[in-house]
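> build me a structure from this.
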Amino acid sequence: MKIVVVIFGLMGTGKTTLARELGRSLGWPVLHSDAVRKTMAGLTPTTRMPEKFGEGIYSKDFSQGMYGEMRRLAREYLQNGAGVILDGSYIKAAERAKVRKLAGEIGAAAVFLCCHCPLEVARERMARRAADPQAISDGREELMCAQVADFDAPTAGDEPLLLLDTNREVAAVVAEAREFIDQRLFCKES
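A predicted model of the protein is given here:
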């Protein structure tokens, strides 16, 4: 069974860490929206872009193009393998619906994992990331309120959906995500 896993949520909630570890666990490729976005802009993934919310490479149009590129890449991976993981904020329900449509077009399943944690934990993570020269995310505390206001909360359209509390050990979060995905894989294959 082919499956696309969408890991989404607000900045600082642990999406990229979960995606990286889940990808290792499953042996599946991971597409990170931050890396795809910067590559499309002709930048290295670690180039910092301290732009305002919704501007520059984070504008609505650029973001839609970036999500389109992620779907294109996901289609390639799914046509050549069992699964792919998409790591991005996916703050708009319409973008999540486009992934579900893609999955349906190629006979794959789509699974959604929404990461959340307390605001103070997200702030701490963003502060650590800001000090890491290898970090690819430009998420910053001053952008958080704008992203919260723009975020479309998960709906029935995002089913099957797992709300993941990422304020725990990474291994526990990955284990819960794996169990959720494995149940979907098993049920589809039976």
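> what bits of the chain have low per-residue confidence?
The model of the chain has pLDDT under 70 over residues 186-190.
> please verify my assumption that residue 126 contacts residue 11.
Yes - Residue 126 is in contact with residue 11 according to Cβ atoms under 8 Å; the separation is 6.6 Å. C-beta coordinates here come from the backbone N, C-alpha and C atoms, glycine included.
> okay, and the common contacts of those two?
Between them, residue 126 and residue 11 share these contacting residues under Cβ atoms under 8 Å, 6 or more residues apart in numbering: 139, 140, 144.
> in this structure, which spans are strands?
For the chain, the strands defined by DSSP state E cover 3-9, 30-32, 83-87, 109-116, 161-165.
> chain center to the fourth one, what's the gap?
Once both centres are worked out by Cα atoms, centre = their mean, to the nearest Å, strand 109-116 turns out to sit 8 Å from its chain's centre.
> same for it, what does it pack against?
Of the remaining helices and strands, those touching strand 109-116 by 3 or more Cβ pairs under 8 Å, 6 or more residues apart in numbering; DSSP states H and E are strand 3-9, helix 15-26, helix 93-105, strand 161-165, helix 170-189.
> buried set for the longest one?
Read that as helix 170-189. When neighbours are counted by 16 or more other Cβ atoms under 10 Å, the buried residues of helix 170-189 are found to be 173, 174, 176, 177, 180, 181, 184, 185.
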